[in-house]
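*Asks:* Based on what follows, work out the 3D shape:
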Amino acid sequence: MTLTPELIERFTAIVGEANALREAQDIAPFLLEPREKFGGATRLVLRPATVKEVSQILKLANETTTPIVPQGGNTGLVGGQIPDSTGSQVILSLGRLNRIRSIDPAGNLAVVEAGVILQKLQEAAADAGRLFPLSLGSEGSCQIGGNLSSNAGGTAVLAYGNTRELCLGLEVVLPNGEVLNDLRRVKKDNTGYDLKDVFIGAEGTLGIITAAVMKLYPLPKGKGVAYAGLASPEAALQLLSLAQDHAGPSLTGFELMPRIGVEFSVRHTEGVRDPLQEPHDWYVLIDISSSRSAGDARETIEAILTEAFEAGLVEDATIAESTAQEKSFWHMREAMSHAQKPEGGSIKHDISVPVASIPAFIAEADAAVLEMIPGARIVSFGHMGDGNLHYNISQPVGADKDAFLARWPEVNKRVHDIVRSCHGSISAEHGIGQLKREELALTKSPVALDLMRRIKLAFDPAGIMNPGKVI
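*Replies:* This is a model prediction of the structure:
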């Protein structure tokens, strides 16, 4: 269907002139994702404020076969929220559906709309004496609907799981405009298919999430954060096992970082410094959250490090002495993604392998990449506790950026082949979007792909929902 002036007016009438963006300068922020790898075009951005308006938009889109691209905070890194270049797709921005409908401390849950910014939910939960544990580098701008649609991970998956594990129920507008109200507030509900799991991680290809029931947890009574230098990923793996033995469910973060990543963060991020006096080949960040006390968290992290030193696993370490220092340790880790940009081109991978396979994966992938691109600077970092690494490759010093980035598909294939040989995943927490759509066929079995296509056809026979994404 052509997006005619008449059709634009019909869509505009649903949300009002002020919330139907048509001018180029108003539309521009919605057309490019953070890495600037994917850009698109549109003649219309709709900003509904109610579920009813979303329903009316999708009903009209379905009747006229107008493609709809849902967009949250536009923080996604695989192009799932970006329209194509034809200008025929309409962006539906969820930013105005931003109410926290209720918080129930006794039931440990919150009912929130899709446009609620993650950090706002974290703060509202804290004000109610509760913790919402999802934590991402983009938490100041990403939205709950996008977190759910991409099944976002983050730094606390080790203890609390992905966004999927944090959700009890959903409200979803289907492609024909019908509203599925499945805002269940109980953890036990064996009444047939669990429909929420169809939409979580579907990247807006089956419907639009407009609200969700999210799990909350008691606030920790004590925190402990340590930063340790060690010789190898093998030593880090042994340290992880030791930390789990000591802390159990109190181990809420275990991040692996290479020396080069720390150097990039220090070089390009204001206020970041290496807390240790001497350089080390690898580092880990250990986060303990005690339900008992600050003293208990401190004792636990000291016991971990004491045994690690005695076993020769750790070369040096320091424990944060204040909340400000805890934040500074985490800031170094969170800055690592952005700190690669000033170093030139970077070829990215968001992969997961079984935790025990991480050292072997790093060794094999490093050898393969350096064989392909001598001098490449490999920044392999991430959530070691759950097996998710951001295996990124910065261009050699002095290399031509465009020529380096042109090798992205070739390098991706080599690295992803190694991931598959480890029985891992080529998309751990960022989704498929446009970036990995073709590679999905190499990862999923033919039966799985067929089932995915049949689900898509059943929910969206007109093919209007986020076309060209995932499958």
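
*Asks:* can you pull the contacts of the residue nearest the centre of the chain?
*Replies:* The centroid of the chain falls nearest to Ala152 when counting by Cα atoms, centre = their mean (3.7 Å). When contacts are counted by Cβ atoms under 8 Å, 6 or more residues apart in numbering, Ala152 touches Leu134, Leu136, Cys142, Gly146, Asn162, Thr163, Glu429. Placement of C-beta: from N, CA and C, glycine included.

*Asks:* distance of the fifth one from Ala152?
*Replies:* It stands for Asn162. For Asn162, the distance to Ala152 equals 7 Å [Cβ to Cβ, to the nearest Å].

*Asks:* which residues are common contacts for those two?
*Replies:* Glu429.

*Asks:* how many neighbours does the nearest residue to Pro105 once chain neighbours are set aside have?
*Replies:* Counting by Cβ to Cβ, 6 or more residues apart in numbering, Ala128 is the residue found nearest to Pro105 once chain neighbours are left out, at 4.9 Å. If you count neighbours by other Cβ atoms under 10 Å, Ala128 ends up with 16.

*Asks:* my guess is Ala128 meets Ile103, correct?
*Replies:* Yes: using Cβ atoms under 8 Å, Ala128 and Ile103 qualify as a contacting pair, with a distance of 4.9 Å.

*Asks:* Now stretch 424-434: average pLDDT?
*Replies:* The average pLDDT within stretch 424-434 is 92.

*Asks:* Could you work out the end-to-end span of it for me?
*Replies:* Terminal residues of stretch 424-434 lie 20 Å apart, using Cα to Cα, to the nearest Å.

*Asks:* looking at the sheet around Ala110, what are its partners?
*Replies:* Beta bridges link Ala110 to Ile103, Met214, judged by DSSP bridges.

*Asks:* actually Leu32, sorry about that
*Replies:* With DSSP bridges as the rule, Leu32 is bridged to Gly39.

*Asks:* Numbering from 30 from now on, please.
*Replies:* All right, first residue 30 from here; so that's Leu61.

*Asks:* Now for it, how many residues are close by?
*Replies:* Counted with other Cβ under 10 Å, Leu61 comes out at 15.

*Asks:* Can you give the distance of the helix or strand bottoming out on mean pLDDT in the chain from its chain's centre?
*Replies:* Here the helix or strand of the chain ranked lowest by mean pLDDT, DSSP states H and E is helix 466-472, holding a mean of 86. With Cα atoms, centre = their mean, to the nearest Å as the basis, helix 466-472 stands 19 Å off its chain's centre.

*Asks:* in the next helix or strand after that helix, what counts as buried?
*Replies:* Later in the chain than helix 466-472, the nearest helix or strand by DSSP states H and E is helix 475-488. In terms of neighbour count (16 or more other Cβ atoms under 10 Å), helix 475-488 has its buried residues at Met481, Lys485, Phe488.

*Asks:* The first one contacts Lys473, correct?
*Replies:* Yes: using Cβ under 8 Å, Met481 is in contact with Lys473, at 7.3 Å.

*Asks:* buried sites along stretch 382-395?
*Replies:* Within stretch 382-395, the residues that count as buried by 16+ other Cβ under 10 Å are Val382, Val384, Ser386, Ile387, Pro388, Ala389, Phe390, Ile391, Glu393, Ala394, Asp395.

*Asks:* Which two among the residues you listed are spaced furthest apart?
*Replies:* Maximum pairwise distance in the buried residues of stretch 382-395, criterion Cβ to Cβ, is 18.2 Å, between Val384 and Asp395.
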